[in-house]
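Engineer: need coordinates for the following:
(one chain, ligands or ions: 1)
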Amino acid sequence: MSLNYLAKGLSGRAAVNGEVRVPGDKSISHRAIMFGSLADGVTEVSGFLNGEDCLSTQRAFEAMGVEVETLSATALSVHGVGIDGLKQPSAALNLGNSGTSMRLMSGLLAGQSFDSVLTGDASLSNRPMRRVTDPLSTMGAEIGTTESGTAPLHVKGARRLQGISYDSPVASAQVKSSILLAGLYAEGKTVVTEPGLSRDHTERMLQGFGYEVEARPQYAALSGGGRLTAANINVPADISSAAFMLVAASISPGSDLTLHNVGMNPTRTGVVDILRLMGADIQAHNERIEGGEPVADLQVRYSGLKGIHVPEELVPLAIDEFPVLFVAASFAEGDTVVSGAEELRVKESDRIQVMADGLQAMGIDAQPQEDGMIIRGQSQKVPAEAVAIDAQHDHRIAMSFVVASLASQCDVTVQGCETVNTSFPGFFPLMSRLGAELSER
Ligand code: S3P
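Structural biologist: Coordinates of the predicted model:
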């Protein structure tokens, strides 16, 4: 089952040129299925990410009686069943690798009239769920977890939920969204405040479906008892997927790459800000608003990067991009220090440890810290043999080491690349087209 690739170390010889459109935004695609399912009417979705994570969400809603017509690889019609129209699934809902599906759906399912069970793969079954089940239980939900607070989740239906005011200890869109989705079914007002900015796609899309949401930085609130009206959703390209290309071009001399239609929601653009602070040459062209989300074409040209101290306020705005930002830091001049990023330890893998292990295996001086990493750029001491790196079921780790091969002096075998399909179908052929030398092992 494990998919492995040997990526040849190219020492910066492959310029990354051309024009590409990376697949649709994962966060927005999940929400398009969820809110489309709960809406009255038919929601047309284009630019949908048909990666495994979003397909897990799609299958879960189909199992609850929602008809989803697949019009093309990236276009869907979701036939909404209305806010109270979901049906009890006949079996547990298996959400694969997808934390977003599990966390958002636990809130949504807490408001249904039926019981349900949520399961996931080895990685998802290790991820902390109390961050959602605790606040949901103060709303009146009953959700059983394992003793260590992980999936499978047993969600009891037919509970009376009460709106709460929740001061979240983490800046997490998954936590915020889970509570807001339970809030749709709760009596009174549900308020979530956060210690930092988290992505606001839930607030924007609920508003797009005609639901009243009060939203401002670090604050979101809604009242239960309303309805959603179907809307058309144009999903922009995922900035988290574009990040791999931004780094690939920034570390490969001679590169000039344009990425079309990239989502530029200000709660997601930390990666662009951080790379620019490192000296990256990234220009946004044709900036526009599409379906309530800012979008632009990004042109990235090679420029020698330098190490920086990453400002902590940018961390939540780039939280998914740190694996590849660590790669950028490895080939930059000088030290890069990342702190305030302890959330990385509970993503699809422990992204601090797994990235540090892999970079060290490649001969790079990368020192893991409890809440971040210190990387001495251009410190690579080339190992005598090709290096094998285990991506630990984590799509973004696998893709990061493929990007690293462009600038690395050593060959890298990346083991466990099958999860790349969760967020970036077509990544390997695209990287080959852009100059990476990849062979399946
Ligand atoms: C997501 C929120 C983020 C992110 C994840 C997708 C979302 O997680 O890492 O890939 O769609 O809400 P947290 O909210 O836990 O930071």
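
Engineer: residue ranges of the strands in the stretch 1-150 of the chain, please?
Structural biologist: For the stretch 1-150 of the chain, applying DSSP state E, counting those that start in this stretch gives strands covering 5-7, 17-20, 42-46, 67-72, 75-79, 93-94, 116-119, 143-144.

Engineer: quick one: mean pLDDT over the first one.
Structural biologist: To tie it back to what came earlier, the one meant is strand 5-7. For strand 5-7, the mean per-residue pLDDT is 96.

Engineer: just the fourth one next, same as before
Structural biologist: Averaging pLDDT along strand 67-72 yields 97.

Engineer: sort out which residues of it are buried, please.
Structural biologist: Using 16 or more other C-beta atoms under 10 Å as the test for burial, strand 67-72 gives V68. C-beta: built from backbone N, CA, C; applies to glycine.

Engineer: then the second one?
Structural biologist: When burial is assessed from 16+ other C-beta under 10 Å, strand 17-20 yields the following buried residues: 17-18, 20.

Engineer: packing partners for it?
Structural biologist: strand 256-263 (3 or more C-beta pairs under 8 Å, 6 or more residues apart in numbering; DSSP states H and E).

Engineer: how about a cut-off of 10 Å?
Structural biologist: Applying 3 or more C-beta pairs under 10 Å, 6 or more residues apart in numbering; DSSP states H and E, one finds that strand 17-20 contacts helix 239-250, strand 256-263, strand 293-301, helix 427-433.

Engineer: send over the shortest one as PDB, restricted to the C-alpha atoms.
Structural biologist: Included here for helix 427-433 are C-alpha records, laid out as PDB according to Å, rounded to 0.1, in the frame of the first residue of the first chain:
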ATOM      1  CA  PHE A 427       1.300  16.600  -7.200                       C
ATOM      2  CA  PHE A 428       3.900  14.100  -8.500                       C
ATOM      3  CA  PRO A 429       3.200  14.600 -12.300                       C
ATOM      4  CA  LEU A 430       3.100  18.300 -11.800                       C
ATOM      5  CA  MET A 431       6.500  18.300  -9.900                       C
ATOM      6  CA  SER A 432       8.000  16.100 -12.700                       C
ATOM      7  CA  ARG A 433       6.700  18.600 -15.300                       C
END
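
Engineer: reformat the strands of the stretch 1-150 of the chain as TSV; add distance to the ligand.
Structural biologist: Shown next, in TSV, are the strands of the stretch 1-150 of the chain (distance: least, C-beta to the nearest ligand atom, whole Å):
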stretch	distance to the ligand
strand 5-7	23
strand 17-20	21
strand 42-46	16
strand 67-72	19
strand 75-79	18
strand 93-94	18
strand 116-119	16
strand 143-144	17
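
Engineer: can I get these in CSV with distance to A243?
Structural biologist: Listed next are those as CSV, based on distance: least, C-beta to C-beta, whole Å:
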stretch, distance to A243
strand 5-7, 18
strand 17-20, 13
strand 42-46, 23
strand 67-72, 26
strand 75-79, 25
strand 93-94, 28
strand 116-119, 29
strand 143-144, 33
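
Engineer: measure the nearest residue to A230 once chain neighbours are set aside to T74 for me?
Structural biologist: Once flanking residues are discounted, A230 sits nearest to G41: 3.1 Å by C-beta to C-beta, 6 or more residues apart in numbering. G41 sits at a distance of 21 Å from T74 (criterion: C-beta to C-beta, to the nearest Å).

Engineer: any idea how far the residue in the chain sticking out farthest from the centre lies from C410?
Structural biologist: Here the centre of the chain is the reference, and by C-alpha atoms, centre = their mean the most remote residue is A384, at 35.2 Å. Separation of A384 from C410 (C-beta to C-beta): 9 Å.

Engineer: joint contacts of the two?
Structural biologist: Here A384 and C410 have G363 as joint contacts, going by C-beta atoms under 10 Å, 6 or more residues apart in numbering.

Engineer: thinking R131 is in contact with S178, fair?
Structural biologist: Yes. R131 lies in contact with S178 (C-beta atoms under 10 Å); the separation is 8.7 Å.

Engineer: which residues are in contact with both of these two?
Structural biologist: Residues touching both R131 and S178 by C-beta under 10 Å, 6+ apart: 103, 172.

Engineer: so those two - more neighbours on which side?
Structural biologist: Between R131 and S178, counting by other C-beta atoms under 10 Å, S178 is the more crowded of the two (30 against 19).

Engineer: so how far is V22 from the more buried one?
Structural biologist: Distance of S178 to V22, computed by C-beta to C-beta: 27 Å.

Engineer: go on, F326?
Structural biologist: F326 is 20 Å from V22, where distance means C-beta to C-beta.

Engineer: next, the contact list for S349, please.
Structural biologist: 123, 126-127, 323, 355, 390-397, 416, 419.

Engineer: T145: how many residues sit nearby?
Structural biologist: 18.

Engineer: need the residues of the stretch 51-200 of the chain near the ligand, please.
Structural biologist: 100, 172-174, 177, 198-199 (C-beta under 6 Å from any ligand atom).

Engineer: what about 8 Å?
Structural biologist: Contacts of the stretch 51-200 of the chain with the ligand, taken as C-beta under 8 Å from any ligand atom, map to 99-100, 103-104, 131, 170-177, 198-199.

Engineer: equivalent analysis for the stretch 251-400 of the chain, please.
Structural biologist: Residues of the stretch 251-400 of the chain found near the ligand (C-beta under 8 Å from any ligand atom) are 316, 319-320, 343, 347.

Engineer: and with 5 Å instead?
Structural biologist: Within the stretch 251-400 of the chain, the positions adjacent to the ligand are D320 by C-beta under 5 Å from any ligand atom.

Engineer: ok, which stretches of the stretch 251-400 of the chain are strands?
Structural biologist: Ranges of strands in the stretch 251-400 of the chain, per DSSP E, counting those that start in this stretch, are 256-263, 281-290, 293-301, 335-338, 365-369, 372-376, 387-390.

Engineer: possible to save the ones you listed as a markdown table with mean neighbour count?
Structural biologist: Below are these laid out as a markdown table (neighbours: other C-beta atoms under 10 Å):
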| stretch | mean neighbour count |
| --- | --- |
| strand 256-263 | 21 |
| strand 281-290 | 13 |
| strand 293-301 | 20 |
| strand 335-338 | 20 |
| strand 365-369 | 18 |
| strand 372-376 | 22 |
| strand 387-390 | 20 |
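
Engineer: save those strands as a markdown table, and put in mean pLDDT too.
Structural biologist: Below are the strands of the stretch 251-400 of the chain laid out as a markdown table (pLDDT from 0 to 100):
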| stretch | mean pLDDT |
| --- | --- |
| strand 256-263 | 98 |
| strand 281-290 | 96 |
| strand 293-301 | 97 |
| strand 335-338 | 98 |
| strand 365-369 | 98 |
| strand 372-376 | 98 |
| strand 387-390 | 96 |
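
Engineer: what's L197 in contact with, if anything?
Structural biologist: With contact taken as C-beta under 10 Å, 6+ apart, L197 is in contact with 171, 173, 217-218, 266-268, 270, 313-317.

Engineer: what about Q378, distance to T74?
Structural biologist: Going from Q378 to T74 by C-beta to C-beta gives 39 Å.

Engineer: many thanks, have a good one.
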